[in-house]
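>>> take a look and give me a structure for this.
(2 chains)
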2 protein chains.
Amino acid sequence: MDIATSTPLNTMLGSICIVLVETTHPGNIGAAARALANMGLSDLRLVRPQVFPSPDAEARAASGETLLSAARVFSSLDDAIADCGLIVGSTARARSVSWPVMSPSEMAPVVLDSSRKQRTAILFGRESRGLTNKQLDRCQLFVTAPVDANHASLNLASAVLLLAYELRKSALLRDDSAVSDRPTTGKDLLATSDRVEGFVEHFERVLHAVGFLEQSSDKLFRKIRRIFTRRALEEDDVNILRGVLSAIEKRIDGASNNR
Amino acid sequence: MDIATSTPLNTMLGSICIVLVETTHPGNIGAAARALANMGLSDLRLVRPQVFPSPDAEARAASGETLLSAARVFSSLDDAIADCGLIVGSTARARSVSWPVMSPSEMAPVVLDSSRKQRTAILFGRESRGLTNKQLDRCQLFVTAPVDANHASLNLASAVLLLAYELRKSALLRDDSAVSDRPTTGKDLLATSDRVEGFVEHFERVLHAVGFLEQSSDKLFRKIRRIFTRRALEEDDVNILRGVLSAIEKRIDGASNNR
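Residues are numbered from 1 along each chain as shown, chains lettered A, B, ... in the order given. Here you go, the predicted model:
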């Protein structure tokens, strides 16, 4: 039976979603569900899992069975994180990411702060290769567990467990009543992932219009995209920046029409 | 390949032995070996494992294969912990132990202190029932992970992972050389303050040129400035963004000149 008593702790942890991207082994999905249930998280999302549902997943889920059957499957990462503000990428040490990587215990309070206001996502890539560069580009924060350099390959469900454990520890440190009392103000909300994407696409159009981007400059555009996706943008920021883009477009069109 | 580079960290963690007592599922033994290897521990001992060695154990061990094949099997708990000083028992929250139970993070520094002087053991019981009272009687300290009361059943290898992870974190805090063990944070230089200012001024000129900013919109421009100054920009970012601004200016001027 799984009649979860909802506590302030569950509420705090419930707005953090764990996104497993293109997971190869269904057993890992089940083990991740169990780990999340153990730690009081509840929102599991799967992007193009190789095999799901699966008896292997169910066998490993144990008491995370209900959480597993409530997991939502998405056909794209974009869809899976569309309603999320802060996006955190889990990376292996080996992968060189050229910006700061936090430890799980450093990440936890940051994610809890953010998830008080809006849904936060933590992404885990495929077992064999982790998140691709394109997937990492959607993230503002990066986290890696402090593993031994000679045995750095952490099992996917183990990585999920460690992050969920640190989130739970961090949540336990916070005053329960203070959490439930705090009204969520609409101010300073982070732009959700789909809003940021909308801006990035708009920006790309303008860059083409002004002749800054040639068709073949994917690499350059990835750098540009990262300037905006690596750090969390607020709703207000996106509104302002899109206003700027529209003004530029209007000026260019106006100038062209006056020729 | 498994030519472990022995570091002070490995030495510190190497005198802690993990003892799995009467484990039922060989897969859990393999997964525990992998978790220990991930965290830099090396001494795995098995007391009357139900099935061992086993292909299931090997499959789950992954990079912990060497550690797994070095695991020693004992016919009694007494023999397994004969050379150990402090004995720690891992217990599930449900089990009522009539003496204080530590969290993994509280346990870690105590175990490290003790293991500097002599070998320390952490015991894990059978999956279904944990350590028996008789086995618990051999322990001086008890540890349990802070799991959700509604889903308290932590997988055996997961429990091993959490304790090993806390031991590693605690050891990293003590080990001076561990600084080099940390993920390197960014090879890219942050833009200096004057470079960021140069960009912000350039951006302001463009905003005026495209008619987005009126002369009196100081408040709006402060918001825009903050989008870029609130979080560190890298040198590269500033170069790219200034390139974008120049392209916009050129396009506008070009269009105007062609009128």
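>>> domain assignment for chain A?
A:8-181, A:193-257 (automatic domain parsing).
>>> could you give me the average pLDDT of the shortest one?
Averaged over domain A:193-257, pLDDT sits at 82.
>>> that domain and chain B in contact?
Yes. Using C-beta under 8 Å from any C-beta of the partner chain, we find that domain A:193-257 touches chain B at A:206-207, A:209-212, A:220, A:223-224, A:227, A:231, A:233, A:236-237, A:240-241, A:243-244, A:247-248, A:250-252, A:255-256. In this view, the C-beta of every residue, glycine as well, is placed from N, C-alpha and C.
>>> chain center to the helix or strand A:Asp79 falls within, what's the gap?
Using DSSP states H and E, A:Asp79 maps to helix A:77-80. For helix A:77-80, the separation from the chain centroid amounts to 10 Å (computed by C-alpha atoms, centre = their mean, to the nearest Å).
>>> coming back round to it: make a PyMOL selection of the buried ones in the residues of domain A:193-257 next to chain B.
Here is the PyMOL selection string for the buried members of the residues of domain A:193-257 next to chain B, based on 16 or more other C-beta atoms under 10 Å in any protein chain shown:
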select buried, chain A and resi 206+207+209+210+212+224+227+231+233+237+240+241+244+247+248+251+252+255
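>>> so which of the residues of domain A:193-257 next to chain B sit within helices?
A:206-207, A:209, A:220, A:223-224, A:227, A:236-237, A:240-241, A:243-244, A:247-248, A:250-252, A:255-256 (DSSP state H).
>>> now the strands for the stretch 101-250 of chain A?
A:120-124, A:141-143 (DSSP state E, counting those that start in this stretch).
>>> just say helix, strand or coil for A:Trp85.
Actually, residue A:85 is Gly rather than Trp. coil (DSSP: H, G, I helix; E, B strand; the rest coil).
>>> now A:Val19
strand.
>>> shouldn't it be in contact with A:Gly125?
No. Contact criterion C-beta atoms under 8 Å: A:Val19 and A:Gly125 do not qualify, at 9.8 Å.
>>> show me the shaky parts of the stretch 1-150 of chain A.
A:1-6, A:93-99 (pLDDT under 70).
>>> same thing but at 90, please
A:1-12, A:63, A:92-101, A:116-118, A:133-134, A:137-138, A:140, A:149-150 (pLDDT under 90).
>>> check contacts around the nearest residue to A:Thr132 once chain neighbours are set aside.
Leaving aside its sequence neighbours, A:Thr132 sits nearest to A:Gly125 (C-beta to C-beta, 6 or more residues apart in numbering or on different chains; 6.9 Å). Contacts for A:Gly125 were tallied using C-beta atoms under 8 Å, 6 or more residues apart in numbering or on different chains; they are A:Val21, A:Glu22, A:Ser90, A:Leu131, A:Thr132, A:Gln135.
>>> look up phi and psi at A:Gly125.
phi -80, psi -170 (degrees, to the nearest 10).
>>> so A:Leu46 is in which element?
strand A:43-47.
>>> direction included, what does that strand pair against?
Strand pairing for strand A:43-47, using DSSP bridges, gives strand A:16-21 (parallel), strand A:72-74 (parallel).
>>> residues in contact with the longest one?
Identification of contacts with strand A:16-21 by C-beta under 8 Å, 6+ apart yields A:28-29, A:32, A:36, A:41, A:43-49, A:77, A:80-81, A:84, A:111-112, A:115, A:119-126, A:131, A:135, A:156, A:160, A:164, A:167.
>>> how does it look with 7 Å?
With C-beta atoms under 7 Å, 6 or more residues apart in numbering or on different chains as the contact definition, strand A:16-21 has outside contacts at A:29, A:32, A:36, A:41, A:43-47, A:49, A:77, A:80-81, A:84, A:111, A:115, A:119-126, A:131, A:135, A:160, A:167.
>>> now it: how far from the chain's centre is it?
Counting by C-alpha atoms, centre = their mean, strand A:16-21 comes out at 7 Å from the chain centroid.
>>> so A:Leu190 is in contact with A:Leu86, correct?
Yes. Between A:Leu190 and A:Leu86 a contact is recorded at 5.8 Å, counting by C-beta atoms under 7 Å.
>>> can you pull the residues that touch both of those two?
A:Ser114, A:Ala232.
>>> weed out the non-buried ones from the contacts of A:Gly125.
Buried among these by 16+ other C-beta under 10 Å: A:Val21, A:Glu22, A:Ser90, A:Leu131, A:Gln135.
>>> what sits against the nearest residue to the third one once chain neighbours are set aside?
It refers to A:Ser90. With C-beta to C-beta, 6+ apart as the criterion, A:Ser90 has its nearest non-adjacent residue at 4.9 Å, and that residue is A:Phe124. Listed by C-beta under 7 Å, 6+ apart, the contact partners of A:Phe124 are A:Val19, A:Leu20, A:Val21, A:Ser90, A:Leu156, A:Ala159, A:Val160.
>>> 8 Å instead, please
A:Phe124 neighbours (C-beta under 8 Å, 6+ apart): A:Ile18, A:Val19, A:Leu20, A:Val21, A:Thr23, A:Ala32, A:Ser90, A:Gly130, A:Leu131, A:Leu156, A:Ala159, A:Val160.
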